[in-house]
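[1] everything below, folded, please.
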Amino acid sequence: MDIESPKKGKIVSLSLAHLLNDWYMNYIQALLPFLVLSGLGVSKGAFLISAFTITSSLLQPVFGYLVDRKNQRWMVYVGTIWMAVLISLVGLIQNYYLLVGVVALSGLGTAAFHPQASAMVSAVSGNKKGFFQALFTAGGNVGWALTPLMVVPFVQYYGLEMTPLFILPGVLCAILLWFSAPRVSVKAKVPPLPLMSILHDSWFQLSKVVIIVAFRSLAYFGLITFLPLYLQTTNISLLASSRLLFVMLFCGAVGGIVGGYLSDRFGGKTVIVGSLVISSPMFYFFLNTNGFLSYVLLALAGATLLASFSVTVVVAQELISKNAAMASGLMLGFGIGIGGIGVGLVGLLAEHQGIVFAINLLICLPLLAGLFALSMKAKKRSVLSAS
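    Presented below is the predicted three-dimensional model:
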């Protein structure tokens with residue numbers, strides 16, 4: 001073990017930065033109802049999310065491979081401020097094609113941040129890599145939860161033209177990372193194997209995890225995007241739906257920590273299969289109930305949907321253990337990105353088949369992912385135990 005005791009201050013700093021980065025990642029979804037009201041079609045809005053996903057997620061393994069070759073500390077603070085500046089301009093841009101271009105460029109910032117930050121957490125976590133990776137992941141999920149709670153009332157009151165004010169948190173976070181990000185996070189002196197050599201022995205099992213994450217993330221991105229539009233058809237206001245989204249996403253963050261803890265005792269495969277299989281019926285019952293019970297069911301649905309989030313990251317890191325940044329890029333980026341791109345297609349379905357059809361399709365995906373996860377190769381030891 002290279003580092004015996006965890007550097008908790010560094011980990012907290014990186015987790016807070018992850019919170020803010022993922023706050024920005026849910027920004028377009030939170031703005032979508034307002035963009036639709038301003039005249040943008042549902043499918044065009046959904047493809048904005050897909051454009052952001054292509055650069056923010058699918059390119060993460062590329063950045064991760066660069067990180068594994070040589071530590072790229074600058075990526076965490078430059079990536080943060082880059083994304084904050086560009087994505088905060090969304091409310092001002094009227095031309096759709098320019099809007100797509102700015103959104104796509106902004107995604108490069110988070111693509112740079114995530115693999116480097118995740119590898120930093122792994123490097124300074126000592127003998128508690130699984131727990132602190134789960135804490136880092138939970139920070140991002142809390143960020144996702146806070147976005148609708150903050151953006152929706154702000155835009156309702158001030159309008160889309162005031163969205164550039166959201167640049168400020170990114171600037172402050174970048175300054176924090178400049179001073180606090182670990183200066184040695186990967187073994188830069190030991191170059192990794194060529195890409196094909198890395199994947200040669202593990203590609204089959206790794207591809208299974210990517211497929212599971214893709215299905216889970218399509219459900220996640222899709223519900224965040226279309227659930228407020230669906231709730232409007234049931235006479236629930238945007239402000240009330242933003243609170244419901246907060247419940248789902250915040251409980252998802254808690255579920256991620258609990259899932260990491262449970263995987264130490266019951267194994268990663270058990271947590272992945274069990275949580276995803278349970279999630280679909282929870283969403284179904286939520287859609288068919290009212291009042292306080294619906295909040296409880298949505299909380300359980302969100303918690304079970306994301307209980308496997310950090311587990312799948314560590315599974316991938318164990319499969320290609322000498323390339324932690326690339327592994328996290330595959331899970332946090334490529335796997336999630338494949339699912340996120342599907343949001344545009346779901347948007348087309350919503351326009352042609354109706355929003356109810358789209359929502360019912362999305363809530364079936366966790367069940368399919370959980371059943372597919374039965375084909376994963378189980379390990380005798382926990383996927384989140386210290387290595």
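[2] when you work out contacts or count neighbours from here on, use the C-alpha atoms and nothing else.
    OK.
[3] what's around residue 133, how many residues?
    When neighbours are counted by other Cα atoms under 10 Å, residue 133 registers 26.
[4] same deal with residue 117?
    Residue 117 has 29 neighbouring residues, counting by other Cα under 10 Å.
[5] point out the other helices and strands that the helix or strand hosting it packs with.
    Per DSSP states H and E: residue 117 is located in helix 96-123. If you count contacts as 3 or more Cα pairs under 8 Å, 6 or more residues apart in numbering; DSSP states H and E, helix 96-123 packs onto helix 8-25, helix 42-53, helix 60-69, helix 74-87, helix 129-158, helix 324-329.
[6] what angle sits between it and helix 8-25?
    Note on geometry: by axes from the mean of the first three to the mean of the last three Cα atoms, to 10 degrees, helix 96-123 and helix 8-25 are set 160 degrees apart in direction.
[7] what comes up buried for helix 96-123?
    Neighbour-count burial for helix 96-123 flags 99-100, 102-123 (criterion: 16 or more other Cα atoms under 10 Å).
[8] so where's the stretch 1-150 of the chain uncertain?
    Scanning the stretch 1-150 of the chain for pLDDT under 70 picks out the ranges 1-4, 67-71, 127, 129-130.
[9] again with the stretch 201-350 of the chain
    201-202, 321-330, 332, 334-335.
[10] excluding its backbone neighbours, what's nearest residue 17?
    In space, residue 17 comes closest to residue 173 once its chain neighbours are excluded; the distance is 6.2 Å by Cα to Cα, 6 or more residues apart in numbering.
[11] how about the helices in the stretch 251-387 of the chain?
    Here the stretch 251-387 of the chain has its helices, by DSSP state H, counting those that start in this stretch, at 268-287, 292-306, 309-319, 324-329, 336-353, 355-372.
[12] which non-adjacent residue is nearest residue 261?
    residue 131 (7.3 Å).
[13] residue 262 is in contact with the one you found, correct?
    No: Residue 131 lies out of contact with residue 262 (Cα atoms under 8 Å); the separation is 10.8 Å.
[14] now the residue nearest to residue 261: how far from residue 19?
    Noted for residue 131: a distance of 17 Å to residue 19, by Cα to Cα, to the nearest Å.
[15] now swap in residue 165 and tell me
    18 Å.
[16] neighbour-wise, which of the two wins?
    For the pair residue 165 and residue 19, the greater number of neighbours falls to residue 19 (23 against 12), based on other Cα under 10 Å.
[17] ok now do that one, which residues does it touch?
    139-144 (Cα atoms under 8 Å, 6 or more residues apart in numbering).
[18] same deal with residue 43?
    344-345, 347-348, 350-351.
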